[in-house]
Each structure stands twice: as C-alpha cells, then as structure tokens.
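Undergrad: The following comprises the amino acid sequence and a computationally predicted model.
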Amino acid sequence: GKVSDPSLPMLVMLCVDAISLSGELRPDLLKEVSLAHSFCASKACRLMVVPGDLLLSLTPVESPELARRSRVLWGASLQTAPGLAGGMEEFPIDVSSLNSLAPSSFQAVTEARLQPTSLCRRREATLRLSLSSASFPADLTALAAQPISLHLGPVEVAGQLHGVLCEWSWQGEPGRRRDDGLSELAGIIWPSADGDAM
C-alpha cells in the first residue's frame, strides 16, 4: 500500500459507532472513510482512522429460522374483527422458486430467535480492512470489483447449512455476545430452500 509522508500534518477521524451491537458495519462508514482519504490527498495531509483496522469473522450455522426465511416471504390476508370492516394478519407464502423475492441477508435478529448451531469453528479475521492506509480507497474499489473467496471449515458438527453469521470487530474489542440470548446477530442466508448438508 501507499506510504504516507510522516512530515505531513495528520487528521484524526474517530468512528466510535463504526460497528453496531449486531456486529454490522454502519452503512455509510466505508464511503465516509474513502471521502476523508480523498480530502486529505487534496490537502496534503495524513489520515488516521480510529479504529485503524476492521476485522470480519464468519461462522456457518444451521438455523430453522434461517431455513424459513430462505423460502418464505410474509404477506397479509384479510380478517374480520369486532367493530372493524376488516383487518390484516400475516400468512406465509413460499417463494423458493422466486429467487428475486427471497431475502439474501438478515440483521438484528436475536440469538434466542435464530437458535444457531455452529457447524464449524468461527473463522477469525477472514477479511481485514485497514482504514488508515492511504491505499484504502483503491483497496476498497479492488475488493468490490473482485470479491474474495473464503474457505470455511473443517466441519465439526453434522447438519444443514442455512446461513453464515458475519461479525465485524476491531482488535482489542471485547466480545459482544450476551448470556441471555438477546444478542442481535447479522449475516447472510444460504441460497437454498432446504440447506446444504455438511
């Protein structure tokens, strides 16, 4: 990556809300950091971002809740109620054959509801983003143009792959999981109606 001139003045960018309680990145964070690098390049100064590095960890899981989400879109039906001409209630619609309607990710779902079973050991730091690096904008563009392939495993528990938990963190940050099952999780839903056996 590019090496910044230590003689240049430094601008410090604090991103204290970079990661939500569910382990997700703030949606506009990476764009803001890229713009800050462009600004510093135009003003001949260095940029230090805190936290300097973001780490992504992935865990393949089995989860009946994710299996339901991969093939069900919740709609509504009419019902009658006292004093009302009609109301609405939820009913499930199978959308497994309509991939464009099936959700591809989940966020802010409690651990108690998801009830995930880890199929293999959590893969730590599968991706590292160096926010303070002067080459960060170019690195981000390259990552968007050429997604990386990751190998997860080995499998430690037999089961169906329904999704992958995705958790961002930074070095030295304490764990975010709570003991009461109310931790909010985020990740991707495996694009299969019944999950893939592992």
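TA: Looks like it came in fine.

Undergrad: low pLDDT regions in this protein?
TA: Residues of the chain meeting the criterion pLDDT under 70: 1-4, 22-23, 70-103, 124-125, 171-181, 191-198.

Undergrad: Helices of this protein, start to end?
TA: 29-43, 64-71, 111-114, 136-145 (DSSP state H).

Undergrad: How much space separates Ser20 from Glu184?
TA: Computed as CB to CB, to the nearest Å, the Ser20 to Glu184 distance reads 8 Å. Glycine gets a C-beta too; all of them are placed from N, C-alpha and C.

Undergrad: which residues are common contacts for the two?
TA: Residues touching both Ser20 and Glu184 by CB atoms under 8 Å, 6 or more residues apart in numbering: Ala108.

Undergrad: Can you tell me, leaving aside adjacent residues, what's nearest to Leu129?
TA: Leu54 (4.5 Å; CB to CB, 6 or more residues apart in numbering).

Undergrad: Wait, that neighbour touches Thr126, no?
TA: No - between Leu54 and Thr126 there is no contact under CB atoms under 8 Å: 11.8 Å.

Undergrad: With neighbour numbers in mind, choose between those two.
TA: Leu54 (23 against 15; other CB atoms under 10 Å).

Undergrad: Could you tell me which residues make contact with that one?
TA: Ala18, Ile19, Leu25, Arg128, Leu129, Leu131, Trp168, Ser169, Trp170.

Undergrad: Break down the protein into its strands, ranges please.
TA: With DSSP state E, the ranges of strands along the chain come out as 10-14, 46-50, 53-62, 72-81, 84-94, 105-110, 117-118, 123-130, 160-161, 163-169, 184-189, 196-197.

Undergrad: May I see the buried residues of the first one?
TA: Of the residues in strand 10-14, those with enough neighbours to count as buried (16 or more other CB atoms under 10 Å) are Met13.

Undergrad: Neighbouring strands - and their directions - for that strand?
TA: Sheet partners assigned to strand 10-14 using DSSP bridges are listed as strand 46-50 (parallel).

Undergrad: Please point out which parts of the partner strand sit buried.
TA: So, applying 16+ other CB under 10 Å, buried residues of strand 46-50: Arg46, Leu47, Val49.

Undergrad: for stretch 56-68, same thing?
TA: Buried positions in stretch 56-68, judged by neighbour count with 16+ other CB under 10 Å: Leu56, Ser57, Leu58, Thr59, Pro60, Val61, Glu62, Ser63, Glu65, Leu66, Ala67.

Undergrad: Save the residues you listed as a markdown table, and put in distance to Ser104 too.
TA: Converted to a markdown table, the buried residues of stretch 56-68 look like this (distance: CB to CB, whole Å):
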| residue | distance to Ser104 |
| --- | --- |
| Leu56 | 17 |
| Ser57 | 19 |
| Leu58 | 15 |
| Thr59 | 17 |
| Pro60 | 16 |
| Val61 | 16 |
| Glu62 | 18 |
| Ser63 | 15 |
| Glu65 | 15 |
| Leu66 | 11 |
| Ala67 | 14 |
